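**Q** give me a 3D structure for the following:
(chains A and B)
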2 protein chains.
Amino acid sequence: MESAVSFEKLTEQFRKMPGIGSKTAMRLAFYVLSLSKEEAGELSDVIREASEKIHRCPICCNLTDEDICPVCKNTARKQSVICVVENVEALMAIENTNEYNGTYHVLHGVISPLDDVSPDDIAIKELLSRIEEGGIEEVIMATGSNVEGELTAMYISKLLKPLGVIVSRLAYGLPVGSDLQYADSVTLMRAIEGRKTI
Amino acid sequence: MESAVSFEKLTEQFRKMPGIGSKTAMRLAFYVLSLSKEEAGELSDVIREASEKIHRCPICCNLTDEDICPVCKNTARKQSVICVVENVEALMAIENTNEYNGTYHVLHGVISPLDDVSPDDIAIKELLSRIEEGGIEEVIMATGSNVEGELTAMYISKLLKPLGVIVSRLAYGLPVGSDLQYADSVTLMRAIEGRKTI
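**A** I've put the predicted structure just below:
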């Protein structure tokens, strides 16, 4: 099919996006063409603006378009607790619980020797300098419960212990609403180990 | 979650796209932020360019970024046959068979009283004026085999018959590679009606 060059380019751009195959890319390209020139211009501007304006918060490495991110700026939050997360998605997930009232530190990745990601490639030094500045009592390691997440949590906790802060880890156990028969044995073992009196 | 305004706007733009839910919209927004400024600028430019450059071919209403679309421009194609399709996706599907060597006419929709789409809302008058100019021998109605597609094919064929052109319709029958037991009875009935000696 000989189709328009601009259309090919547009489809190609969508095809690069995560989880977008060639059929969906074409559907999205047709969507763009169905927009009015103003609407397409707005989409174009919003993409450029987001890419130009959004940067890492100089304190916690969260993404923001202001000087300092809204979490760090909020003085009502407990400044002495830092929750360390892998990425902004994880931060948002914790924020959505409306339970946590401390600050964050976004690593932007996890240590993964297989993917050639070393401790220097993620925002660990920024975390260390925050703690060296003082005033931090607890660091909650909220990386994922997979191998890389565990490795990263272990690595960081070893660095932090000499600095005299409490390092904690999210609890392991059964997901709420789950049936015991479907839980894997490692999760079940951790749930038994971590049992609490009621 | 208090997130960056530009990020919210970006997610909102992706959420408007067909088949994109809020989770995917956020994933795509994070993808944009993971791009370098140059890459994001390119994405932004390609969207704007496609929207500004791509227009309907003045002959067949196919989408193109040139004066006349590549199909109409190709003089090796049989100019006396027009294949009428609902949209550019259908045109592309037929082109991908590499079997058809005539021209097209893209209606950009089908007649649908339920969705309030009347014959005037789709590119029927453009088709009529092409035929009135002369030189057309056959019009193949390649709209879908659903109610709206059938209705549109019937409507157009009634308009065209007085003009002295042959109007044909795509064959109905079993999809290639299908099992008889899974075919619906209407399709099977049409397949029996349309049987051919071998």
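
**Q** run through the residues that contact A:Tyr100.
**A** A:Cys83, A:Ile94 (Cβ atoms under 8 Å, 6 or more residues apart in numbering or on different chains). Any C-beta I mention is one placed from the backbone N, CA and C, and that applies to glycine too.

**Q** mind checking the SS state of it?
**A** When classified by DSSP: H, G, I helix; E, B strand; the rest coil, A:Tyr100 comes out as coil.

**Q** if I look at it, how far off is A:Arg190?
**A** Distance of A:Tyr100 to A:Arg190, computed by Cβ to Cβ, to the nearest Å: 21 Å.

**Q** and the lengthiest helix in chain A, does that touch chain B?
**A** For chain A, the helix with the greatest residue count under DSSP state H is helix A:37-53. Yes. Counting by Cβ under 8 Å from any Cβ of the partner chain, chain B has neighbours in helix A:37-53: A:37, A:40-53.

**Q** list the contacts of that helix.
**A** Here helix A:37-53 has contacts from A:32, A:35, A:65, B:4, B:6-7, B:9-10, B:13, B:29, B:32-33, B:35, B:37, B:40-41, B:43-45, B:47-48, B:50-52, using Cβ under 8 Å, 6+ apart.

**Q** look up phi and psi at A:His55.
**A** phi -140, psi 180 (degrees, to the nearest 10).

**Q** and it, bridged to which residues?
**A** A:His55 has these beta-bridge partners by DSSP bridges: A:Thr64.

**Q** next: A:Val81.
**A** With DSSP bridges as the rule, A:Val81 is bridged to A:Glu138.

**Q** burial count for it?
**A** Residue neighbour count, defined by other Cβ atoms under 10 Å in any protein chain shown, stands at 19 for A:Val81.

**Q** coming back round to it: of the residues of helix A:37-53 next to chain B, buried ones?
**A** For the residues of helix A:37-53 next to chain B, a burial check counting by 16 or more other Cβ atoms under 10 Å in any protein chain shown picks out A:Ala40, A:Gly41, A:Glu42, A:Leu43, A:Ser44, A:Val46, A:Ile47, A:Arg48, A:Glu49, A:Ala50, A:Ser51.

**Q** so what's the residue positioned nearest the centre of chain A up against?
**A** Compute the mean C-alpha point of chain A, and by Cα atoms, centre = their mean the closest residue is A:Asn87, 1.6 Å away. Counting by Cβ under 8 Å, 6+ apart, A:Asn87 touches A:Val106, A:Leu107, A:His108, A:Gly109, B:Phe30.

**Q** list just the nearest of the residues you listed to B:Lys161.
**A** B:Phe30 (56.0 Å; Cβ to Cβ).

**Q** buried residues, the one helix or strand A:Ala191 maps to. List them.
**A** Following DSSP states H and E, one finds A:Ala191 within helix A:185-193. Neighbour-count burial for helix A:185-193, with 16+ other Cβ under 10 Å as criterion, is recorded at A:Thr187, A:Arg190, A:Ala191.

**Q** ok, and for the host helix or strand of A:Met154, which residues are buried?
**A** Using DSSP H and E, A:Met154 sits in helix A:147-160. Using 16+ other Cβ under 10 Å as the test for burial, helix A:147-160 gives A:Glu148, A:Gly149, A:Glu150, A:Leu151, A:Thr152, A:Ala153, A:Tyr155, A:Ile156, A:Ser157, A:Leu159, A:Leu160.

**Q** save the residues you listed as JSON lines, and put in distance to B:Thr197 and pLDDT too.
**A** Output for the buried residues of helix A:147-160, formatted as JSON lines (distance: Cβ to Cβ, whole Å; pLDDT from 0 to 100):
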{"residue": "A:Glu148", "distance to B:Thr197": "66", "pLDDT": "92"}
{"residue": "A:Gly149", "distance to B:Thr197": "68", "pLDDT": "92"}
{"residue": "A:Glu150", "distance to B:Thr197": "70", "pLDDT": "92"}
{"residue": "A:Leu151", "distance to B:Thr197": "71", "pLDDT": "94"}
{"residue": "A:Thr152", "distance to B:Thr197": "71", "pLDDT": "95"}
{"residue": "A:Ala153", "distance to B:Thr197": "74", "pLDDT": "93"}
{"residue": "A:Tyr155", "distance to B:Thr197": "76", "pLDDT": "95"}
{"residue": "A:Ile156", "distance to B:Thr197": "77", "pLDDT": "95"}
{"residue": "A:Ser157", "distance to B:Thr197": "80", "pLDDT": "93"}
{"residue": "A:Leu159", "distance to B:Thr197": "82", "pLDDT": "94"}
{"residue": "A:Leu160", "distance to B:Thr197": "83", "pLDDT": "92"}
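
**Q** which is the next helix or strand following the helix holding A:Met154?
**A** The helix or strand immediately downstream of helix A:147-160 is strand A:166-169, counting by DSSP H and E.

**Q** just give the number of residues close to the residue nearest to A:Arg169 when sequence neighbours are not counted.
**A** With sequence-adjacent residues excluded and distances taken as Cβ to Cβ, 6 or more residues apart in numbering or on different chains, A:Arg169 is closest to A:Met141, at 4.9 Å. Look at A:Met141: counted by other Cβ under 10 Å, it has 21 neighbours.

**Q** ok, now the one 3 residues further on?
**A** Applying the criterion other Cβ under 10 Å, we find 16 residues in the vicinity of A:Gly144.

**Q** mind listing what the closest residue to it other than its chain neighbours touches?
**A** Closest residue in space to A:Gly144, ignoring its immediate chain neighbours: A:Glu86 at 6.3 Å, by Cβ to Cβ, 6+ apart. By Cβ under 8 Å, 6+ apart, A:Glu86 lies in contact with A:Val106, A:Leu107, A:His108, A:Gly109, A:Val110, A:Thr143, A:Gly144, A:Gly149, A:Thr152.
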